[in-house]
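Undergrad: I would like to see how this sequence folds:
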Amino acid sequence: MARGRFISLEGGEGVGKSTQLRALAAALRARGHDVIETREPGGSAGAEAIRSLLLDGDAGRWTPAAEALLFAAARADHVAKTILPALEAGQWVLSDRFLDSSLAYQGGADGIGEAVIRQLHQVGSNGFLPDRTLLLALPEAEAAGRAAARDRGAADRFGARDAAYHARVAAAFAQLAAGDPARFRIVDSSGSAEDVTARLLAAIDDL
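TA: Below you'll find the predicted structure:
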């Protein structure tokens with residue numbers, strides 16, 4: 001049996017990752033693929049338990065270092081219990097966020113550094129990476145408007161952070177994409193949802 005493919009969708013708040021993951025999964029199923037939809041933090045029983053620790057509570061609940069360790073632990077369980085077994089079974093796995101979110105948020109915006117986050121990922125997940133990472137890009141003002149409409153005043157600990165923080169996240173994502181063009185594809189997420197889905201499909205056509 002051919003091994004499946006692992007695709008991550010990345011980007012800051014409000015760029016449409018969750019919506020587009022569902023649409024992309026539906027499009028791949030229509031093409032005959034067996035698709036698993038998952039998310040980070042989460043995607044396995046252990047990781048979902050850690051998710052509530054990370055997303056709930058006030059802004060100062062965890063230090064950036066503690067957050068990085070919790071994300072790495074959740075990802076280790078997610079990879080071992082969900083992602084790798086699905087790939088070995090020939091399924092395609094689509095994940096709403098993966099390692100690059102930790103690199104952008106804790107490593108970049110919080111200043112921990114890329115090397116530290118990658119070291120944690122090496123320990124927890126043996127350095128495992130997606131076959132393709134789709135970075136959804138949207139102007140900051142439009143993304144902020146979408147996020148505000150989505151959250152309706154109930155943003156999680158990360159979504160509630162200020163504009164300067166989210167600008168640092170966006171800059172970190174752009175730097176990651178520039179540093180790994182073989183894995184990343186930057187996809188414009190403006191316009192209709194259908195148009196964005198078509199761009200995502202084009203960005204994985206070679207897979």
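
Undergrad: could you give the mean pLDDT of stretch 75-93?
TA: Regarding stretch 75-93, the rounded mean pLDDT is 98.

Undergrad: which regions of the chain sit below the pLDDT cut-off?
TA: 141-161 (pLDDT under 70).

Undergrad: Can you list the residue ranges for helices in it?
TA: Ranges of helices in the chain, per DSSP state H, are 17-30, 45-55, 64-78, 84-88, 99-102, 114-125, 140-151, 163-179, 193-203.

Undergrad: Now the spatially most central residue of the chain: phi and psi?
TA: Taking C-alpha atoms, centre = their mean, the centroid of the chain lies closest to residue 97, which sits 1.2 Å from it. As for residue 97, its main-chain torsions (degrees, to the nearest 10) stand at phi 80, psi 150.

Undergrad: Distance check, residue 22 against residue 166.
TA: 23 Å (C-beta to C-beta, to the nearest Å). For every residue, glycine as well, the C-beta is placed using N, CA and C.

Undergrad: And these two? Which one has more around it.
TA: residue 166 (21 against 15; other C-beta atoms under 10 Å).

Undergrad: so what's that one closest to, chain neighbours aside?
TA: Distances taken as C-beta to C-beta, 6 or more residues apart in numbering place residue 12 nearest to residue 166, at 5.6 Å, with adjacent residues excluded.

Undergrad: Now do the contacts for residue 62.
TA: 53, 54, 70 (C-beta atoms under 8 Å, 6 or more residues apart in numbering).

Undergrad: Residue 173 too?
TA: So residue 173 contacts 10, 11, 12, 100, 104, 108, 135 (C-beta under 8 Å, 6+ apart).

Undergrad: between those, which has the most around it?
TA: residue 12 leads the contacts of residue 173 on contacts (other C-beta under 10 Å) with 29 neighbours.

Undergrad: Could you save the contacts of residue 173 as JSON lines and add columns showing distance to residue 199?
TA: Output for the contacts of residue 173, formatted as JSON lines (distance: C-beta to C-beta, whole Å):
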{"residue": "10", "distance to residue 199": "15"}
{"residue": "11", "distance to residue 199": "13"}
{"residue": "12", "distance to residue 199": "18"}
{"residue": "100", "distance to residue 199": "19"}
{"residue": "104", "distance to residue 199": "21"}
{"residue": "108", "distance to residue 199": "25"}
{"residue": "135", "distance to residue 199": "12"}
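
Undergrad: Please identify the deepest-packed of the helices of the chain.
TA: helix 99-102 (a mean of 27; mean count of other C-beta atoms under 10 Å).

Undergrad: Give me the helices and strands touching that one, please.
TA: Applying 3 or more C-beta pairs under 8 Å, 6 or more residues apart in numbering; DSSP states H and E, one finds that helix 99-102 contacts strand 6-10, helix 64-78, helix 114-125.

Undergrad: Understood, closing this out.
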